[in-house]
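A.B. asks: the following block contains a protein sequence and its predicted model.
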Amino acid sequence: MTRGRKPKPTALKLVQGNAGRRPLNKNEPQPRGNLYDPPEWLTDAQLVGWKYAIESAPFGLLKRVDRSTLVAWVIAEDLHRQGVEKLNGGAMLIKTPNGMPVQSPYLSIVNKQAQIMLKAASEMGFTPASRGRVKVEDKAQHDEFFD
């Protein structure tokens with residue numbers, strides 16, 4: 001059961017103005033500690049994706065608590081790449097043992113991983129539409145104590 005749109009973060013309401021005049025959440029959690037280190041169990045290809053995301057994300061955007069969301073994106077990106085490579089080397093249609101043409105199973109993998117990547121990317125502010133909803137800390141105000 002869905003309950004409508006996700007609530008806007010309080011910081012975003014403050015920047016855009018509180019058009020709905022609803023009370024602001026003064027107790028919204030503020031996660032600490034920037035995310036840098038990947039889980040030790042990622043593959044080499046997934047580590048490349050992790051490093052790319054960490055280096056490309058605005059400073060202060062990804063916090064340690066966001067690790068699982070980034071892991072989901074990294075793994076989906078890797079599986080998506082593998083599926084695309086298989087599709088590029090073959091066909092979108094394959095024949096069953098009785099000769100009937102069916103969609104390649106790799107196409108389903110590619111499509112599902114693309115959905116997972118886009119969902120995780122949107123959650124982390126990695127898409128053009130979601131970037132406008134994200135506020136990041138100023139690098140000049142970075143406090144090493146919280147890392």
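C.D. replies: Here it is on my side, so go on.

A.B. asks: can you give me phi and psi for Lys95?
C.D. replies: Backbone torsions for Lys95, taken as degrees, to the nearest 10, come to phi -100, psi 140.

A.B. asks: how about it: what's its closest non-neighbour residue?
C.D. replies: Spatially, and ignoring its direct neighbours in sequence, Lys95 is nearest to Pro101 (5.7 Å; C-beta to C-beta, 6 or more residues apart in numbering). Placement of C-beta: from N, CA and C, glycine included.

A.B. asks: with Gly33 instead?
C.D. replies: Here the residue nearest Gly33, using C-beta to C-beta, 6+ apart, is Arg64, at 4.2 Å.

A.B. asks: any low-confidence regions in the protein?
C.D. replies: 1-2, 6-16, 132-147 (pLDDT under 70).

A.B. asks: tell me where it has strands.
C.D. replies: 93-95, 101-103 (DSSP state E).

A.B. asks: from those, which stretch is densest packed?
C.D. replies: The highest average neighbour count among the strands of the chain, using mean count of other C-beta atoms under 10 Å, belongs to strand 93-95 at a mean of 12.

A.B. asks: can you tell me which of the strands of the chain comes nearest to Ser122?
C.D. replies: strand 101-103 (26.7 Å; C-beta to C-beta).

A.B. asks: direction included, what does the closest one pair against?
C.D. replies: With DSSP bridges as the test, strand 101-103 is paired with strand 93-95 (antiparallel).

A.B. asks: alright, calling it a day.
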